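Undergrad: Sequence first, predicted coordinates after that:
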Amino acid sequence: MRKVILNLQQLFLLCSSIILIAAVPSFLAGDDGIEFSLLRYGESVAGTLKNLLNPDSLTLYIHSQNMILEPMPVNLSYEFVNEIYEIPLFPEVWDIVIYTLFLLLISFAAVIILAVMLGWCAELLPPSYKRAALRISEFLEALPDLFFVFCIQLAVVWIYKKTGFLAANPFTSSREPSILLPVITLSIVPAIYLFRLQLVLSQTEIEKDYITFARSKGLSNSHIVFHHLIKNTISELSIHLPFIMLLLFSQMIILEYLFNLNGIIQILLSEQPAATRAVLLMLIAFPLFAAVKGIKLFIKKERISNAA
Amino acid sequence: MLHKLNAFYSGTILLAIILLLSITVPLFMTEPSVQQFKYNFDQKSLKIPPFSPSEEHWFGTDRNGKDLFYVIVDGAKYTIFFAFVITLARMLLSFIGGLVFKRLFKKSWVSGLLQGFQFVPQSLIVLFVLSPLLFYELRTQSVFSYTETLLIQLFVLVAVGIFPLGKIIAETADSLSQNEYVTCAKHMGASPLQITARHILPHLWPRLFVLAGRQFSQVLTLMLHLAIYHLFIGGVKITSGQVHDQFNNFATVSNEWTGLISMYHRELMLEPFVVMIPVAAYTVLILCVNVMTKSLEKSFDKRTLY
């Protein structure tokens, strides 16, 4: 029960910090140019809170550019007029939020499974290969995420050009959203990070006495790895899960542009009221928070039930 | 000791060479003039930019005929310098803040509030704050001059990083002050200032260097993520792409690499080398910084063991 209250408290604090963050632009932006004003910031936070209390009042600004043709005898050229519509937020954004969350959570699961699996496999290799794997993962981890994105996009298109085989949809079109490639590119960098961490952790773990004891009893290497090593490294790995989440989310921001995804970031970055931004951020952040906490809890439970 | 730090020294030397080249080359070399086309009389063939890499243009040219080698070399110093200044300011401020408000950072409600930075990426926050200020429509003027733009960007980029970094430094300092000798010193009547100076700082220094290295590569990544959304450090020039403004061209003012990558992103499927050359340069830079940080970290780990 105490745990639940503690988590709820954390969730509440997360919620308030998101509201504070979403209101930051009003702290800086004056009517013309920069004007620092705490008063305006406070007003904006209060306004956000008021809007949050009745969610039906939340609105979404839709920016559209309409082509207008002047009557024929006057002018043959046409002009574009920018217009902003205001529509209620709620039934409108669910699809987009769910799509973004789906990508993030799928890649989160993929990252953990992939890194832990590869970590297991690497443990079974002879030591020289293990060191090579560590070196390679250290090198790959140092590369920027954009590098992978460009390489994957180029490779897919190159294969398509050569063989006519389109492995996956490299850009979202209006008809079909691309899912496979964004998930793969999202998970590469965090998976390498987690994999390297797993290798480093098990390197220190494998020197401990209980492993030596298990060896001297004549247990096989694979038995030791699966039954002892993993269970003890994975709880330390779970400390890094929030960082993995952050990595995924911040990569999602650029992937959405590079893959032309129809996701939440483009709405967040267009001109929107602070309350709407806060709500959208919360809709994304809560499931991520829940996923991180849930997996941590699951690992802890497993460990306790194993120990008992 | 020296051969252990080999990776660190080679990284430093590489960075120094890049910086030196970037500062000196534009002094001695004028920017090659733009060639609209190349006509070969023998084969009767006409070539228009982008020219692929050749002896004349080492890295080729972009679609406007700009020499990529010159642009890359010129941009290096700005890229490194911006990232360096931001990292330094962040480290300094959060070092002071982390030590002064050490107790405050330990409180659960503060760390709860700082969770926002754990689930909302920094690039998103910076884009929230800066995009209403710095973006302008085609054929209008930006509200701010280039210097003002730069200052605002520096301010926001530094401010957004202080809180998470301050938390890390405060936590490190706190774990250092849990040591027994600190308790001893406290009982002997040492003032907090003395304890910080004598017992915490000597152990904190090496970690600060490692943290600074990580911050540097983080700042570079952040700059790239911002540049993807056309928020270039130093300012953006927006021009019309075609007669009817079907698309806008965003150009960097300072030629810094992240801006170049974003600027040439459109070429990815047309002439991949145009965008891959800045990407390669940027990758080398980040790789260099990361390798340096790693080797620094390893050498300090060994030293604390003995």
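TA: That came through fine. Predicted, not measured: the structure shown is a model, and the values here were computed from it.

Undergrad: and A:S235, how far is that from chain B?
TA: Here the criterion is CB to the nearest CB, to the nearest Å. By it, A:S235 lies 19 Å from chain B. C-beta: built from backbone N, CA, C; applies to glycine.

Undergrad: That residue: helix or strand, and which one exactly?
TA: Taking DSSP states H and E as the criterion, A:S235 maps to helix A:230-237.

Undergrad: neighbouring contacts of that helix?
TA: Applying CB atoms under 8 Å, 6 or more residues apart in numbering or on different chains, the contact partners of helix A:230-237 are A:116, A:119-120, A:194, A:197-198, A:201-202, A:205, A:299-300, A:302-303, A:306.

Undergrad: For chain B, tell me which of those residues show up nearby.
TA: When contact is defined as CB under 8 Å from any CB of the partner chain, those do not meet chain B at all.

Undergrad: nearest to B:P278, of those?
TA: B:P278 lies nearest to A:L194 out of the contacts of helix A:230-237, by CB to CB, at 29.1 Å.

Undergrad: re the thing from before, so which bits of the helix holding A:S235 are buried?
TA: If you call a residue buried by 16 or more other CB atoms under 10 Å in any protein chain shown, then helix A:230-237 has these buried ones: A:I230, A:T233, A:I234, A:E236, A:L237.

Undergrad: low-scoring stretches of chain B, by residue?
TA: B:1-5, B:244-245, B:303-306 (pLDDT under 70).

Undergrad: Repeat that for the stretch 201-308 of chain A.
TA: A:307-308.

Undergrad: and the helix or strand containing B:V129 with chain A, contact?
TA: Counting by DSSP H and E, the element that carries B:V129 is helix B:122-134. Yes. Using CB under 8 Å from any CB, we find that helix B:122-134 touches chain A at B:Q122, B:S123, B:L124, B:I125, B:L127, B:F128, B:V129, B:S131, B:P132, B:L133.

Undergrad: of those residues, buried ones?
TA: B:Q122, B:S123, B:L124, B:I125, B:L127, B:F128, B:V129, B:S131, B:L133.

Undergrad: Name the nearest of these relative to A:P177.
TA: A:P177 lies nearest to B:L124 out of those, by CB to CB, at 21.5 Å.

Undergrad: Could you report the neighbour count for the closest residue in space to the closest one that isn't next to it in sequence?
TA: Leaving aside its sequence neighbours, B:L124 sits nearest to A:I253 (CB to CB, 6 or more residues apart in numbering or on different chains; 6.0 Å). By the criterion of other CB atoms under 10 Å in any protein chain shown, A:I253 has 22 neighbours.

Undergrad: correct me, but A:I253 touches B:S123?
TA: Yes. A:I253 is within contact range of B:S123, at 5.6 Å (criterion: CB atoms under 8 Å).

Undergrad: what touches both of those two?
TA: Joint contacts of A:I253 and B:S123 (CB under 8 Å, 6+ apart) are B:H225.

Undergrad: so which residue of the stretch 151-300 of chain A comes closest to chain B?
TA: The minimum distance from the stretch 151-300 of chain A to chain B, using CB to the nearest CB, falls at A:S250 (3.4 Å).

Undergrad: Give me the secondary structure label for that residue.
TA: Using DSSP: H, G, I helix; E, B strand; the rest coil, the three-state assignment for A:S250 comes out as helix.

Undergrad: Got phi/psi on the closest residue to it other than its chain neighbours?
TA: Among residues not flanking A:S250 along the chain, B:P121 sits closest, at 3.4 Å (CB to CB, 6+ apart). When read as degrees, to the nearest 10, the backbone of B:P121 gives phi -60, psi 150.

Undergrad: And for B:P121, the neighbour number?
TA: Residues lying near B:P121 (other CB under 10 Å) number 24.

Undergrad: thought it was touching A:F249?
TA: Yes. B:P121 is in contact with A:F249 according to CB under 8 Å; the separation is 5.2 Å.

Undergrad: if we can go back for a sec, contacting residues around the residue nearest to B:L124?
TA: Contacts of A:I253 (CB under 8 Å, 6+ apart): A:I265, B:P121, B:S123, B:L124, B:L127, B:H225, B:I228.

Undergrad: now, which of those sits nearest B:Q194?
TA: Checking the contacts of A:I253 against B:Q194 with CB to CB, the nearest one is B:P121 at 39.9 Å.

Undergrad: Spatially nearest residue to the residue nearest to the spatial centre of chain B (excluding sequence neighbours)?
TA: In chain B, the centroid-proximal residue (CA atoms, centre = their mean) is B:L220; its distance is 2.6 Å. Leaving aside its chain neighbours, B:L220 sits nearest to B:A83 (5.1 Å; criterion: CB to CB, 6+ apart).

Undergrad: Over to B:F216?
TA: B:T87 (4.7 Å).

Undergrad: which element is the one you found on?
TA: B:T87 belongs to helix B:68-100, assigned by DSSP H and E.
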